[in-house]
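# Here's a sequence, model it:
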Amino acid sequence: MDILTQMAKTYAGKNPTSCVPLAQSGSHRRYYRFTFEDGNTLIGAYNDDVAENKAFFEYTRFFAAQQLNVPTLLAVYEDEKHYLLNDLGKQTLYDRLCEIRTNNDDFHEIMIFYKKVVAALPQFQMTAKKGLDMSVAYPRAAFDRQSMQWDLNYFKYYYLKMMYIPFNEQLLEDDYQRFMDYLLSVDDDYFLYRDFQSRNIMVYQDDVWFIDYQGGRKGALQYDIASLLYDAKADLSPEIREELLECYMDNLAQYIPVDRKQFKAYFNAFSLIRIMQAMGAYGYRGYFERKTHFLQSVPYAIRNMRYLLQHNALPDGLPELQQVLQTVVDSYVEPVKENSDKLTVTVQSFSYKKGLPEDNSGNGGGFVFDCRALPNPGREKRYATFTGKDDCVIAYLQQYKEVEIFENHVCALVDMSVDNYLERKFTHLTVNFGCTGGQHRSVYFAEQTAAHLREKYPQIVVEVGHRERD
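Model prediction:
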């Protein structure tokens, strides 16, 4: 933070007035938004993987020279781990898509942006033939057999095995090799963005801008358009996907001849391997790293896989792989959500000693209230075996005026959000209370707040959890 703050000060010629960390996604990179007194902002980034950073720096400079819409690299620190970028705002293409669906707005608006995206994609892909230095590609120079093997094994070990999908490992491996032979039989001398999906596209100044391409390498044209159109939670309809695919091929035809029938056959196969890779990631992030909001994408990925199998996306001669994928589709049972259309408020207690709680909703935001400035019953031995749910601890806390004041302020703030979320038809809000041990004060306030919400808002769902106690 000291280095990034100094870089921001040096670049702007003045001290920033605030620095806000941005939510992390699947990577370990950290981003911060610096704001200055005049309202201008910039983004500070830290990543200790220098090789990955060098790929990002090289690609960014080259893409900018090609007049593609990418961030401006403002400054790079001498260790090549810290750098500054211009701020492309807060709204991704996925955010705009969700906003339009929530408000039942005209879907034509989002199609304008998607068509800008599919017009820009061939321009990125052709940079591999225009002098882009692919020697910095990270972690592989190409989406080759080794890269595909990694993705297929990711699916095998972090989805199939974790979901107890039966398969013959040798037969599946044989089919993997034949599947890769097919995918590698198409021209792959193009820039492959690798993670070309709606969360890596910003909507800024009424245009689309592209981020997170540091994993780019050489590969086939079909992969990135498959990533975009089968982006799980974007949940594009088959009709929309077909329209955008045709639009993409129209734009691609400005650069190279396009055999549309052949292109679509490979597109379907690359869509499958992309979905398999994504499902491996959902399994790894969701089941192994316990970032359960990644699992929210599984139903969408299953539906996409089902559609592709129904349309014969898998090449002939892959019986074990065909059977495995069909089993994945047939065995998945979507959870019943009786209150899916209602606002759910998740209230949780936790201990600061064990870190901040995760937001498993995938929405970010919500409240984290620090109870450590309040009187602590944990300092008295007589309360050692009790929690904030027990009458003796409740009586202890309620004798203090500051506890009442704190509780009133909390309820006022949370009520303001609940009222707003109900009006906007949002479906989730998190409210967290932290104290030293996660036993007394945080538990008390979680229980009291939940009771208050249930009484005032009978139309919402209130879920309570105590991370350390549970």
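# Name the residues that touch whichever helix or strand Val203 is part of?
Per DSSP states H and E, Val203 falls inside strand 201-204. Defining contact as Cβ atoms under 8 Å, 6 or more residues apart in numbering, one finds that strand 201-204 is touched by 88-89, 91-96, 113, 117, 208-211. All C-beta atoms are positioned from the backbone trio N, CA, C, and that covers glycine.
# Looking at those residues, spot the one nearest His452.
For the contacts of strand 201-204, the closest approach to His452 (Cβ to Cβ) belongs to Asp95, at 31.0 Å.
# before we move on, the earlier item: want to throw the contacts of strand 201-204 into JSON lines with distance to Asn420 and secondary structure?
Putting these into JSON lines (distance: Cβ to Cβ, whole Å; DSSP: H, G, I helix; E, B strand; the rest coil) gives the following:
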{"residue": "Leu88", "distance to Asn420": "26", "secondary structure": "coil"}
{"residue": "Gly89", "distance to Asn420": "22", "secondary structure": "coil"}
{"residue": "Gln91", "distance to Asn420": "19", "secondary structure": "coil"}
{"residue": "Thr92", "distance to Asn420": "22", "secondary structure": "strand"}
{"residue": "Leu93", "distance to Asn420": "24", "secondary structure": "helix"}
{"residue": "Tyr94", "distance to Asn420": "22", "secondary structure": "helix"}
{"residue": "Asp95", "distance to Asn420": "17", "secondary structure": "helix"}
{"residue": "Arg96", "distance to Asn420": "20", "secondary structure": "helix"}
{"residue": "Phe113", "distance to Asn420": "26", "secondary structure": "helix"}
{"residue": "Val117", "distance to Asn420": "31", "secondary structure": "helix"}
{"residue": "Val208", "distance to Asn420": "29", "secondary structure": "strand"}
{"residue": "Trp209", "distance to Asn420": "29", "secondary structure": "strand"}
{"residue": "Phe210", "distance to Asn420": "32", "secondary structure": "strand"}
{"residue": "Ile211", "distance to Asn420": "29", "secondary structure": "coil"}
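# For Val328, see how far away Tyr164 is.
Using Cβ to Cβ, to the nearest Å, one gets 11 Å for the distance from Tyr164 to Val328.
# more crowded one of these two?
Val328 (22 against 7; other Cβ atoms under 10 Å).
# Find the residue closest to that one in space, skipping its chain neighbours.
Among residues not flanking Val328 along the chain, Ile165 sits closest, at 5.8 Å (Cβ to Cβ, 6 or more residues apart in numbering).
# Now for that neighbour, how many residues are close by?
15.
# Could you look up the SS state of it?
coil (DSSP: H, G, I helix; E, B strand; the rest coil).
# ok so, going back, would you mind checking the contacts of strand 201-204 for buried ones?
Leu88, Thr92, Leu93, Tyr94, Arg96, Phe113, Val117, Val208, Trp209, Phe210, Ile211 (16 or more other Cβ atoms under 10 Å).
# So for stretch 254-261, first residue to last residue, what's the gap.
Across stretch 254-261, the terminal residues are separated by 17 Å (Cα to Cα, to the nearest Å).
# could you give me the average pLDDT of it?
What stretch 254-261 shows for mean pLDDT is 97.
# now the helices for this structure?
Ranges of helices in the chain, per DSSP state H, are 2-12, 50-65, 93-102, 108-125, 145-155, 169-183, 221-229, 238-252, 260-283, 298-310, 319-331, 391-398, 401-424, 441-456.
# ok, back up a step: pLDDT and distance to Asn268 for the contacts of strand 201-204 - can I get that in JSON lines?
Below are these laid out as JSON lines (pLDDT from 0 to 100; distance: Cβ to Cβ, whole Å):
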{"residue": "Leu88", "pLDDT": "97", "distance to Asn268": "33"}
{"residue": "Gly89", "pLDDT": "95", "distance to Asn268": "34"}
{"residue": "Gln91", "pLDDT": "94", "distance to Asn268": "31"}
{"residue": "Thr92", "pLDDT": "95", "distance to Asn268": "26"}
{"residue": "Leu93", "pLDDT": "96", "distance to Asn268": "23"}
{"residue": "Tyr94", "pLDDT": "93", "distance to Asn268": "23"}
{"residue": "Asp95", "pLDDT": "91", "distance to Asn268": "29"}
{"residue": "Arg96", "pLDDT": "92", "distance to Asn268": "27"}
{"residue": "Phe113", "pLDDT": "97", "distance to Asn268": "25"}
{"residue": "Val117", "pLDDT": "98", "distance to Asn268": "20"}
{"residue": "Val208", "pLDDT": "98", "distance to Asn268": "25"}
{"residue": "Trp209", "pLDDT": "98", "distance to Asn268": "29"}
{"residue": "Phe210", "pLDDT": "98", "distance to Asn268": "25"}
{"residue": "Ile211", "pLDDT": "96", "distance to Asn268": "28"}
